[in-house]
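*Asks:* fold the stuff below for me.
(one chain, ligands or ions: 1)
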Amino acid sequence: MGKRGPKPQFIDIACPNKACELYGLTNQGTVVGNGTSISRGEKTRKYICRHCGKVFNDHTGSVYYDLRKEEHIIDLALKMSMKGMSEEAIADVLEIEPATVRRWLCRAAEQCDKVNENFMKNLNRIFFKLSGNLFTFNSMNFFL
Ligand SMILES: [Zn+2]
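*Replies:* Numbers count the residues shown, from 1 in each chain. As a prediction, this is how the structure comes out:
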């Protein structure tokens, strides 16, 4: 087979490897696409940092990292919080402990403390993700 063209670069994606010189930096041109995979019915884009060789995906380094199983329910908790619901009310709706809700919100807030350009981009991505689920949320709300 002939040579494939240059791999697409993802200039708004930063390397999540803390040991990498380019950790957290965007626009370095070193992060390239590395295919996609299907996880839990969702298509996940995979990346590789050509600087350190780290392979990662859309979820790596996000607020949901380590909490992927709970991702959907955390989405709901964050949305309800944004709508002004108390931790107790959110816990009640989701049938979980208020302490768990608090832990998730703290985790999200920790991410929010990192005020830098790169974070703002991630934040936009989180809000985009949230608004993408808004219809589901509203229709669920309707039936409650
Ligand atoms: Zn790297």
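
*Asks:* from here on, just use CA atoms for contacts and neighbour counts.
*Replies:* OK.

*Asks:* packing partners of the strand or helix carrying residue 106?
*Replies:* Take DSSP states H and E as the rule and residue 106 turns out to sit in helix 98-113. Applying 3 or more Cα pairs under 8 Å, 6 or more residues apart in numbering; DSSP states H and E, we find helix 98-113 packed against helix 71-82, helix 87-94, helix 117-132.

*Asks:* for the ones you listed, which has the smallest mean pLDDT value?
*Replies:* Mean pLDDT values for the helices and strands packed on helix 98-113 show the minimum at helix 117-132, a mean of 53.

*Asks:* near the ion, which residues of the chain?
*Replies:* 15, 20, 49, 51, 52 (Cα under 5 Å from the ion).

*Asks:* the same query, at a cut-off of 6 Å, please.
*Replies:* 15, 17, 20, 22, 23, 49, 51, 52, 54 (Cα under 6 Å from the ion).

*Asks:* before we move on, the earlier item: buried stuff in the helix holding residue 106?
*Replies:* If you call a residue buried by 16 or more other Cα atoms under 10 Å, then helix 98-113 has these buried ones: 98, 101, 102, 104, 105, 108.

*Asks:* and what of stretch 83-96?
*Replies:* Quick answer for stretch 83-96 (16+ other Cα under 10 Å): 86, 87, 89, 90, 91.

*Asks:* can you pull the contacts of the second one?
*Replies:* With Cα atoms under 8 Å, 6 or more residues apart in numbering as the criterion, the residues that contact residue 87 are 81, 98, 101, 102.

*Asks:* now it: how far from the ion?
*Replies:* Separation of residue 87 from the ion (Cα to the ion, to the nearest Å) stands at 37 Å.

*Asks:* any chance of the residues of the chain next to the ion in JSON lines with neighbour count, pLDDT and distance to residue 77 as columns?
*Replies:* Shown next, in JSON lines, are those (neighbours: other Cα atoms under 10 Å; pLDDT from 0 to 100; distance: Cα to Cα, whole Å):
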{"residue": "15", "neighbour count": "28", "pLDDT": "89", "distance to residue 77": "28"}
{"residue": "17", "neighbour count": "18", "pLDDT": "87", "distance to residue 77": "28"}
{"residue": "20", "neighbour count": "15", "pLDDT": "91", "distance to residue 77": "33"}
{"residue": "22", "neighbour count": "19", "pLDDT": "91", "distance to residue 77": "33"}
{"residue": "23", "neighbour count": "15", "pLDDT": "87", "distance to residue 77": "29"}
{"residue": "49", "neighbour count": "24", "pLDDT": "92", "distance to residue 77": "32"}
{"residue": "51", "neighbour count": "15", "pLDDT": "93", "distance to residue 77": "37"}
{"residue": "52", "neighbour count": "16", "pLDDT": "95", "distance to residue 77": "35"}
{"residue": "54", "neighbour count": "14", "pLDDT": "90", "distance to residue 77": "31"}
